[in-house]
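[1] What follows is a predicted protein model with its sequence.
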Amino acid sequence: MIINTGGGVAGGDRLECCVTALPGASIAVTSQAAEKVYRALHEPASIATRLIARESKLAWLPQETIVFNWARLHRTTEIELFSGAELLALEWLVLGRAAHGEIVVGGHITDSWRVKKDGRLIWADSFRVTDETFSHLNRKALLSDCNAIATLIYFGPDLDKRLEFLREILPSLECGCAVTVVSGLIVARFAAKQSSDLKLALRSFLQQFGPEIGSGPFRVPKMWSC
């Protein structure tokens, strides 16, 4: 379990986390609570995560990151996979504090993924929003009326079978969601109006997908219920 003793992330802060799962290991990593990114005047906060899985099982399942109005965040998730590894990795963003009725109208967010297998880049993805684009996020081609979004990836055996299983359960999750296979990865996207709705959907996803995968760390973290 990862704990941010600062209680949040301010402009100019730099957080780095590296998790290496060595051969034979089975590891689940989560966070103590939702991460909070505060308003920043100029310099963005930087959050860098690096995950390495070698013939092991690794689940990266932190709680949500809440982005306050006018926050500035640069987050990168870099993953190195090797043959024989199995990985489930999640990152999710919540725009604004729902309890305060906050609507995010400005700021800067860059959220990037880079995944390599045996040293070769197999998937790259970036989500970027700036001051000028926040006012357009409610368009249907973008986030529509959703304020909570998530990306989840899975690497492991029997991808076609597991993709079919996921497509069967997605309608039961009661949120916007879709799943596909890209370069040997299952990539799932989720979107909901509220973070609570997204959390329920992700819990249901893990409760159903975990047993389908079999033994390992791919379950709902206990800290999600605290």
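    Ah, there it is. These numbers come from a predicted model, not from an experiment.

[2] buried ones in stretch 186-195?
    Across stretch 186-195, burial judged by 16 or more other CB atoms under 10 Å covers I186, V187, A188, F190, A191, A192, S195. Every residue, glycine included, has its C-beta placed from N, CA and C.

[3] no wait, stretch 28-35
    Buried, per 16+ other CB under 10 Å, within stretch 28-35: A28, V29, T30, S31, E35.

[4] Which strand residues bridge the second one?
    This points to V29. Going by DSSP bridges, V29 is paired in beta bridges with W60.

[5] and the residue nearest the centre of the chain, what is it in contact with?
    Nearest to the geometric centre of the chain sits E91, at 1.0 Å (CA atoms, centre = their mean). Contact analysis of E91 by CB atoms under 8 Å, 6 or more residues apart in numbering lists P62, T65, R75, T77, D111, W113, A150, T151.

[6] which residues in the protein form helices?
    Along the chain, counting by DSSP state H, helices occupy 159-169, 195-213.

[7] can you map out the strands along this protein?
    14-21, 26-29, 35-37, 45-53, 57-60, 65-67, 72-81, 86-95, 108-117, 120-129, 148-155, 176-182, 185-192 (DSSP state E).

[8] Make CSV out of these and add mean pLDDT and distance to F165.
    CSV is the format used below for the strands of the chain (pLDDT from 0 to 100; distance: least, CB to CB, whole Å):
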stretch, mean pLDDT, distance to F165
strand 14-21, 97, 24
strand 26-29, 97, 21
strand 35-37, 96, 30
strand 45-53, 98, 22
strand 57-60, 98, 18
strand 65-67, 96, 28
strand 72-81, 98, 21
strand 86-95, 97, 14
strand 108-117, 97, 22
strand 120-129, 97, 21
strand 148-155, 98, 11
strand 176-182, 96, 10
strand 185-192, 97, 10
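
[9] Can you lay out those strands as CSV showing distance to N4?
    Listed next are the strands of the chain as CSV, based on distance: least, CB to CB, whole Å:
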stretch, distance to N4
strand 14-21, 7
strand 26-29, 14
strand 35-37, 6
strand 45-53, 10
strand 57-60, 16
strand 65-67, 11
strand 72-81, 14
strand 86-95, 15
strand 108-117, 18
strand 120-129, 22
strand 148-155, 20
strand 176-182, 28
strand 185-192, 24
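
[10] Go through those and name the closest to R167.
    Closest of the strands of the chain to R167 is strand 176-182, at 6.2 Å (criterion: CB to CB).

[11] wait, isn't T65 in contact with E35?
    Yes - with contact defined as CB atoms under 8 Å, T65 reaches E35; the gap is 4.4 Å.

[12] Mutual contacts of these two, please.
    Residues within reach of T65 and of E35 at once, by CB under 8 Å, 6+ apart, are I47.
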